[in-house]
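Asker: I would like to see how this sequence folds:
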Amino acid sequence: MLLSPRAIACLFAAISTTAAAHELSCEETFNGERILVVDSYPTTIAVRVVIYNEHPSAPSEALSVTSEILPPASFETPFTLPVGAAQTALFYVTVNSPEECAQLAGTQSLYPDHLVSTVDVTWDQGSAQCSAELICQPAVCQ
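Answerer: I've put the predicted structure just below:
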């Protein structure tokens, strides 16, 4: 039995829709920015991570959410997000000096004054990553 090109396209569309039954994405920011330069101390940094359900018609279940700087209880996994929903974790980090900022950054980076924080979100058929960058600079005299 030969299938028409239209039938083949419909078949692939049905398979890909089934395979993508869960779709999640994430966003991480420091003080609302993807890249934050710190040059005033002490400073408090708001770290925000948002997990989004991107599937157009089905709920999605996050099996794990991990990051080197997220507190362990930030997301209680697994959790299910309805269509169009999101879940947010927000916490604060106080940095008292350029040295403390560099120490925080240096634990996760090849560069002593840069922190690239990466969040990994996994679900049954895939994963997503997002990141934010913290750049530590000497204090600016005011």
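
Asker: what's across from Cys136 in the sheet?
Answerer: On the basis of DSSP bridges, Cys136 is bridged to Val38.

Asker: my read: it touches Ser97, true?
Answerer: No: look at Cys136 against Ser97 with Cβ atoms under 8 Å: they stay out of range, at 9.6 Å. Bear in mind the C-beta positions are built from the backbone N, C-alpha and C, glycine included.

Asker: okay, these two: which has more neighbours?
Answerer: The residue with more neighbours, out of Cys136 and Ser97, is Cys136; 25 against 14, by other Cβ atoms under 10 Å.

Asker: Give me the pLDDT for the more buried one.
Answerer: pLDDT recorded at Cys136 is 90.

Asker: in stretch 52-59, what counts as buried?
Answerer: By neighbour count on 16 or more other Cβ atoms under 10 Å, the buried set for stretch 52-59 is Tyr52, Asn53, His55.

Asker: Just the CA trace of it, in CSV.
Answerer: What follows is stretch 52-59, C-alpha atoms only, in CSV (Å, rounded to 0.1, in the frame of the first residue of the first chain):
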residue,chain,number,x,y,z
TYR,A,52,7.0,27.4,31.9
ASN,A,53,4.7,24.8,30.3
GLU,A,54,5.1,25.4,26.5
HIS,A,55,2.9,22.6,25.3
PRO,A,56,-0.2,24.2,23.5
SER,A,57,-2.8,21.6,24.7
ALA,A,58,-1.5,19.4,27.5
PRO,A,59,-0.1,19.7,31.0
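
Asker: so where's this protein shaky on pLDDT?
Answerer: Applying pLDDT under 70 to the chain flags residues 1-21, 106-112, 142.

Asker: do that again at 50, thanks
Answerer: Where the chain drops to pLDDT under 50, the residues are 1, 3-5, 7-20.
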